[in-house]
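S.K.: Compute the structure for the input listed below.
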Amino acid sequence: MAKPIMIQGTMSNAGKSLLAAGLCRIFKQDGYRVAPFKSQNMALNSYITKEGLEMGRAQVTQAEAAGVEPSVSMNPILLKPTNDIGSQVIVNGEVVKNMSAREYFAYKKQLIPDIRKAYEKLDKEYDIIVIEGAGSPAEINLKQDDIVNMGLAKMVNAPVLLAGDIDRGGVFAQLVGTIMLLEEDEKKMIKGTIINKFRGDKTILDPGVEMLENMTGIPVVGVTPYMKVDIEDEDSLSERFSHKNTQGVVDIAVIRFPRISNFTDFAVLEGMEEVNLRYVDKVEKLGTPDMILLPGTKNTMADLKWMRENGLEAAMLKEQQKGTVIFGICGGYQMLGEALEDPEGIEEGGNIRGMGLLPIRTVFTGEKTRTRVSGTIQELSGVLQGLSGRKLEGYEIHMGITTGSGKVEHFSIISEEGKPEKSDGAYLENVYGTYVHGVFDEDGIGAELVRILAEKKGIHLEEVCEMERHAYKEAQYDLLADTLRKHLNMKAIYEILKEGIK
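M.R.: Numbering: from 1, shown residues only. Prediction:
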């Protein structure tokens, strides 16, 4: 049986995901078989496993840090928000249906057997399970039916490390207040606290650490710094949205939809020193980029209406007329067509016109496409002709079937393993679209794209710095682990693992 340890936080974005990934890496380095686990994840960034099942990317990141293949057993419940009060509910990698928050709250206790089964599978295969909570364990209106924080810790008998975010202020109140709001048996499960995202001279903080330990009777097992590691982060709280590289000679604007998903598609481009990749949600921020990227979205129709209402669609159409490259992925690709039809009410219901830049139409259906694919970019014309013949690899994850409404030039030819090839995407002049997430990830594609965009504006780049993704990720996981080893009391954490809950 595996030894569990759980990271909970005083609030969302307290750093749970990163701490869990770091511990996964440390335990792996120390020779243990380790797996991540999060019973319920609410996220728009998702991943398709080799079996064609869907899970949250945070646990994929943690699995990569642990050096193991991602499995839906690591994240049995995934909630993908479709609007402010509802989500698509995915259980064991398969879509159940869309539910309102109230409907899901009444339903979720039925999922406890699925959580137990997923955890027990990992329990048999690994030495250590690093569990991540969600939000705060002290949401007193939700605690009764909790399946992701203390409710889960009790279910699997996991000792808890509670992390607070000092960067946003009030960390002592966060930690003490959270503990005060817990039941007595829950308080006993917290075996250590972590002050996370610290900047400055720790000696100034030390008196507060001592007082915190005296108030709670719980040891502080680490004061971890604000870490500048390039590791995938979670959804709407991502600091990537405010990242800027003003030295980049190629300017790429990503439209930041309200329901943006899988923006990890752009990590390769963001990591290039030649690129200023920025997220845009207002017309006045668009400027005159060299390329506009339309990312995935959990609600294509609603986000197209949002662009239409705030003027971004009109501004993009003007840029397209000037010759700016427009590139859509998944939902962004669907928007570029002539029509979006939703006869079954999968998204908004009804029909709306698309942006009219590609001769395609999309009809939403209840069946979700989930598959890993590989293939080749077609012989393209237009600005991105230089990408022709490049190998690509990624995954499809979408509702809706897209067909040509006229003669369509396809972007790529792709296939699932062991299945026939099929056409993907479309292009016309300076507008390109694909269903393949990760389209820029294969070696050479991102670099060639940047070189093309630079040449278009009269800048010749002798060599474009493109990182080898796997080696780069591995180096970042090692950097994370090395940093945490310096600032966490790993001896105490191993003792907590050994002792468990008594």
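S.K.: Quick one: low-confidence residue ranges for the stretch 351-500 of the chain.
M.R.: Residues of the stretch 351-500 of the chain meeting the criterion pLDDT under 70: 465-467.
S.K.: longest helix in this structure, by residue count?
M.R.: Ranked by residue count, the top helix of the chain under DSSP state H comes out as helix 469-487.
S.K.: elements contacting it?
M.R.: Here helix 469-487 touches helix 16-29, helix 57-66, strand 220-225, going by 3 or more CB pairs under 8 Å, 6 or more residues apart in numbering; DSSP states H and E. Every residue, glycine included, has its C-beta placed from N, CA and C.
S.K.: Quick check: which of the ones you listed is nearest to R308?
M.R.: Proximity to R308 (CB to CB) singles out helix 57-66 among the helices and strands packed on helix 469-487, at 29.1 Å.
S.K.: Give me the contacts around the next helix or strand after the closest one.
M.R.: Downstream of helix 57-66, the first helix or strand assigned by DSSP states H and E is strand 77-83. With contact meaning CB atoms under 8 Å, 6 or more residues apart in numbering, strand 77-83 is reached by 39-44, 46, 54-56, 87-91, 98, 104, 108, 111, 114-115, 147, 259, 261, 298-299, 302, 347.
S.K.: Give me the mean pLDDT for the very next helix or strand once past strand 77-83.
M.R.: Remark: after strand 77-83, the chain's next helix or strand is strand 86-91, criterion DSSP H and E. The average of the pLDDT scores along strand 86-91 is 92.
S.K.: quick one, longest strand in the chain?
M.R.: Counting residues, the longest strand found in the chain (DSSP state E) is strand 360-377.
S.K.: so how far is the helix or strand following it off the chain centroid?
M.R.: Next along the chain after strand 360-377, taking DSSP H and E as the criterion, comes strand 391-404. For strand 391-404, the gap between its own C-alpha mean and the chain's C-alpha mean amounts to 18 Å (CA atoms, centre = their mean, to the nearest Å).
S.K.: in strand 391-404, what counts as buried?
M.R.: Under the neighbour-count criterion of 16 or more other CB atoms under 10 Å, strand 391-404 has 392, 394-400, 402, 404 buried.
S.K.: cool, and stretch 297-307?
M.R.: 297-304, 306-307.
S.K.: which residues touch E313?
M.R.: With CB under 8 Å, 6+ apart as the criterion, the residues that contact E313 are 304, 307, 355.
S.K.: That one belongs to a helix, doesn't it?
M.R.: Yes. Assessed with DSSP: H, G, I helix; E, B strand; the rest coil, E313 lies in a helix.
S.K.: any idea how far it lies from L357?
M.R.: With the distance defined as CB to CB, to the nearest Å, E313 ends up 10 Å from L357.
S.K.: Kindly report the same for G311.
M.R.: Per CB to CB, G311 is found 17 Å from L357.
S.K.: Between these two, point out the one with more neighbours.
M.R.: Taking other CB atoms under 10 Å, G311 and L357 do not tie; L357 has more neighbours (23 against 13).
S.K.: for the residue nearest to Y104 when sequence neighbours are not counted, what are its contacts?
M.R.: Nearest non-adjacent residue to Y104, counting by CB to CB, 6 or more residues apart in numbering: V89, 6.2 Å away. Contacts of V89 were listed using CB under 8 Å, 6+ apart, and they are 77-79, 95-99, 104, 107.
S.K.: redo that, cut-off 10 Å
M.R.: Contacts for V89 were tallied using CB atoms under 10 Å, 6 or more residues apart in numbering; they are 40, 77-80, 95-99, 103-104, 107-108, 111.
S.K.: again, but for K422
M.R.: The contact partners of K422, by CB under 10 Å, 6+ apart, come to 373, 375, 410, 412-416.
S.K.: From the contacts of E313, which land in helices?
M.R.: Using DSSP H, the contacts of E313 in helices are 304, 307.
S.K.: And the contacts of E313, which is closest to G287?
M.R.: Nearest to G287, judged by CB to CB, of the contacts of E313 is M307 at 16.1 Å.
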